[in-house]
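**Student:** Structural data only, the sequence is not supplied:
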């Protein structure tokens, strides 16, 4: 993005891109003649904990939607077959609808935003839009929606993305930077519409119930659930294979291992802002456990780190999650960050309106080489939608939130004037991406069936039900 150009010049550049990639072209799904989705997924087993890879495959096996969640690499390869617009932004890289949710901002407000950045890299804006759009079709079908209902939901998410981008193009960059979705404010708006008879009371009651529950899902709740007092200190509770404390993973001397890990925490400390380093200094690492997380992330190393203060009942749970190369890395320019954890953190800070105060990164030595991690609080007012329970009306509302949020994230890192001009005022982009999403959902369903057959024949090892 050339900041020396005027807004009008940047808009003109965006319109000019339509000659290279017409809006209607986004309807097309292209695939390689040698396409092998199962083979691509098997390459991701490299570098993961071998015993956990079957759990990942078992979770992907459940439905076309769970398969889609774990198949970011497959879709990246497919998107790379299309002609890019060249209108690059910081991509989430895996912008499906389950990677949005609510969490606590540093000023202790519950905000809605993107919450997963494992695959983040700069790239063509349309890749995120198409992955998000297709996820709504896949999830809608899993929920039993009709084709018409799925199309309505997808048109909503793309239209809200386009219209939000046009709004951001008309705002000062500082206004864009400060923009965010405050959950409490959203609920108050819903109450106002309720008075006008436009919102069902049951939906409002559900929303307020989820809001109340989110406030209980904080670090202290996680500590109470995942740890237990032992000899005056807290220890992480064993729940194999999902949570395995360090002393069950190694026969090394516990105090010596903790001392080595403490040095890693000190390195992580240097990646935080100075005031947050001071805050972290109130705690010391006392226990560590391995934790299985997510769907696509299963098999990567994720650690729970318990830190305790000298004050009684003051503790902090951090999660260190292994960061490998992005699924997009084969198909985009390489990352400018040597440390993959730093890549994730940099992308998250750029795309989110507000990020975890403990967000940082580290690098650790291991038997199989150096490993990069990003670090964050394990839980801080986390709230996510129960996708499988959403009605068509509720999913349409959720689509509005996701479309606006993705546009805000792209407007922060990309040329919002060029993007808005390229997207235009008409619904041509909306219709094209909706068609793409429907076709790609068909392809994903076929891939899920192929994956299921690969499990049945033994090509893929899967452990369902974990």
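**Tutor:** Perfect, I can see it now. As the structure is a computational prediction, the values presented were derived from the model and not from experiment. Numbering: from 1, shown residues only.

**Student:** I'd like the mean pLDDT over stretch 56-74, please.
**Tutor:** Mean per-residue pLDDT for stretch 56-74: 95.

**Student:** Let me see the backbone angles for residue 93.
**Tutor:** For residue 93, the backbone dihedrals (degrees, to the nearest 10) come out as phi 90, psi -20.

**Student:** Now for the residue nearest to it when sequence neighbours are not counted, how many residues are close by?
**Tutor:** The shortest distance from residue 93 to any non-neighbouring residue, by CB to CB, 6 or more residues apart in numbering, is to residue 119 (2.8 Å). The way it works is simple: take the backbone N, C-alpha and C, and place the C-beta from them, glycine included. Applying other CB atoms under 10 Å, we find 27 residues neighbouring residue 119.

**Student:** mind listing what residue 119 touches?
**Tutor:** 72, 76, 91, 92, 93, 94, 326, 327, 328 (CB atoms under 8 Å, 6 or more residues apart in numbering).

**Student:** isn't the first one right up against residue 94?
**Tutor:** Yes. Shown here, residue 72 and residue 94 form a contact pair, counting by CB atoms under 8 Å, at 4.3 Å.

**Student:** the more surrounded of those two?
**Tutor:** A side-by-side neighbour count of residue 72 and residue 94, using other CB under 10 Å, places residue 94 first with 29 against 24.

**Student:** what separates that one from residue 188, distance-wise?
**Tutor:** Going from residue 94 to residue 188 by CB to CB, to the nearest Å gives 31 Å.

**Student:** helix or strand for residue 168, which one?
**Tutor:** According to DSSP states H and E, residue 168 maps onto helix 147-169.

**Student:** So for this structure, the centremost residue is which one?
**Tutor:** The residue lying closest to the centre of the chain (CA atoms, centre = their mean) is residue 116, at 2.1 Å.

**Student:** which residues touch that one?
**Tutor:** With contact taken as CB under 8 Å, 6+ apart, residue 116 is in contact with 92, 94, 99.

**Student:** Ignoring the adjacent residues along the chain, who's closest to the last one?
**Tutor:** What it means is residue 99. Per CB to CB, 6+ apart, closest to residue 99 is residue 116, 3.9 Å.

**Student:** Run through the stretch 1-150 of the chain and note the low-pLDDT ranges.
**Tutor:** Counting by pLDDT under 70, the ranges of the stretch 1-150 of the chain that qualify are 1-3.

**Student:** how about the strands of it, start to end?
**Tutor:** Using DSSP state E, counting those that start in this stretch, the strands assigned to the stretch 1-150 of the chain run over residues 88-91, 100-104, 110-114, 121-124.

**Student:** Please name every helix or strand in contact with the third one.
**Tutor:** For strand 110-114, the packing partners by 3 or more CB pairs under 8 Å, 6 or more residues apart in numbering; DSSP states H and E come out as strand 100-104, strand 181-182, helix 183-195, helix 201-216, helix 392-413.

**Student:** Going by mean pLDDT, which of those comes out lowest?
**Tutor:** With a mean of 56, helix 201-216 has the lowest mean pLDDT of these.

**Student:** Show me what secondary structure element comes after it.
**Tutor:** helix 219-226.

**Student:** need the next SSE after that next one, C-terminal direction.
**Tutor:** Per DSSP H and E, the first helix or strand lying C-terminal to helix 219-226 is strand 227-230.

**Student:** For residue 40, grab the count of nearby residues.
**Tutor:** Residues lying near residue 40 (other CB under 10 Å) number 18.

**Student:** same thing with residue 106?
**Tutor:** When neighbours are defined as other CB under 10 Å, residue 106 has 11 of them.

**Student:** pLDDT below threshold where in the stretch 251-400 of the chain?
**Tutor:** Where the stretch 251-400 of the chain drops to pLDDT under 70, the residues are 251-260, 293-300, 312, 366-369, 379-381.

**Student:** Where do the strands of it begin and end?
**Tutor:** Using DSSP E, counting those that start in this stretch, strands in the stretch 251-400 of the chain cover 284-291, 302-308, 315-322, 360-364, 371-377.

**Student:** right, and those - which one's nearest residue 11?
**Tutor:** Residue 11 lies closest to strand 371-377 among the strands of the stretch 251-400 of the chain, at 35.9 Å (CB to CB).

**Student:** who does that closest one pair up with?
**Tutor:** If you go by DSSP bridges, strand 371-377 pairs up with strand 315-322 (antiparallel), strand 360-364 (antiparallel).

**Student:** The ones you listed into TSV, with extra columns for distance to residue 429 and mean neighbour count?
**Tutor:** Output for the strands paired with strand 371-377, formatted as TSV (distance: least, CB to CB, whole Å; neighbours: other CB atoms under 10 Å):
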stretch	distance to residue 429	mean neighbour count
strand 315-322	34	22
strand 360-364	36	22
